[in-house]
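*Asks:* this is the structure alone, sequence omitted:
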């Protein structure tokens, strides 16, 4: 019996205008991690003034299985809104200034090259 394993497609939507200093090396490192299980990763950059909802619509139309958003609260909100009633999964890499959603979800946040807890104890 022949089995063809379909590789998962991941679109990495990177907001170059979010709180992190933009870095080609950082984008490539994240892309490499996402591709490490054999997934096909497509890097897509958005910047201030671009319509993130339209960018997400185009990625969904292209058939991406997973949308990983690297950005702040506004970027994540725009992407999540565009994914409503869609089968595309959403991943979040908090790279904004405040990252309120990431804090609410207790996601780890990177600061100055090291991971720090979102919600440190007393």
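*Replies:* That came in fine, so what should we check first? No experiment lies behind these values; they were computed from the predicted model shown. Residues are numbered from 1 along each chain as shown.
*Asks:* residues contacting the nearest residue to residue 56 once chain neighbours are set aside?
*Replies:* In space, and not counting its chain neighbours, residue 56 is closest to residue 82: 3.8 Å by C-beta to C-beta, 6 or more residues apart in numbering. C-beta: built from backbone N, CA, C; applies to glycine. For residue 82, the contact set (C-beta atoms under 8 Å, 6 or more residues apart in numbering) comprises 52, 53, 56, 57, 60.
*Asks:* what of residue 40?
*Replies:* Residues near residue 40 by C-beta under 8 Å, 6+ apart: 7, 8, 9, 10.
*Asks:* and the buried ones among those residues, selectable in ChimeraX?
*Replies:* In ChimeraX, this line selects whichever of the contacts of residue 40 come out buried by 16 or more other C-beta atoms under 10 Å:
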select :9,10
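*Asks:* among the contacts of residue 40, name the ones in helices.
*Replies:* Per DSSP state H, helices hold no members of the contacts of residue 40.
*Asks:* nearest to residue 37, of the contacts of residue 40?
*Replies:* Residue 37 lies nearest to residue 8 out of the contacts of residue 40, by C-beta to C-beta, at 7.8 Å.
*Asks:* any idea how many residues pack against residue 37?
*Replies:* Neighbour count for residue 37, taken as other C-beta atoms under 10 Å: 9.
*Asks:* look up how far residue 24 lies from it.
*Replies:* Relative to residue 24, residue 37 is positioned 23 Å away (C-beta to C-beta, to the nearest Å).
*Asks:* and for residue 90?
*Replies:* Residue 90 is 24 Å from residue 24, by C-beta to C-beta.
*Asks:* the two: which is more packed in?
*Replies:* Neighbours around residue 90 and residue 24, counted as other C-beta under 10 Å, are more numerous at residue 90. The numbers are 16 against 7.
*Asks:* check the secondary structure at that one for me.
*Replies:* Following DSSP: H, G, I helix; E, B strand; the rest coil, we place residue 90 in the strand state.
*Asks:* contacts only, for residue 15.
*Replies:* Contacts of residue 15 by C-beta under 8 Å, 6+ apart are 45, 46, 47, 52, 69, 70, 71, 72, 75, 95, 96.
*Asks:* right, I'll call it a day here.
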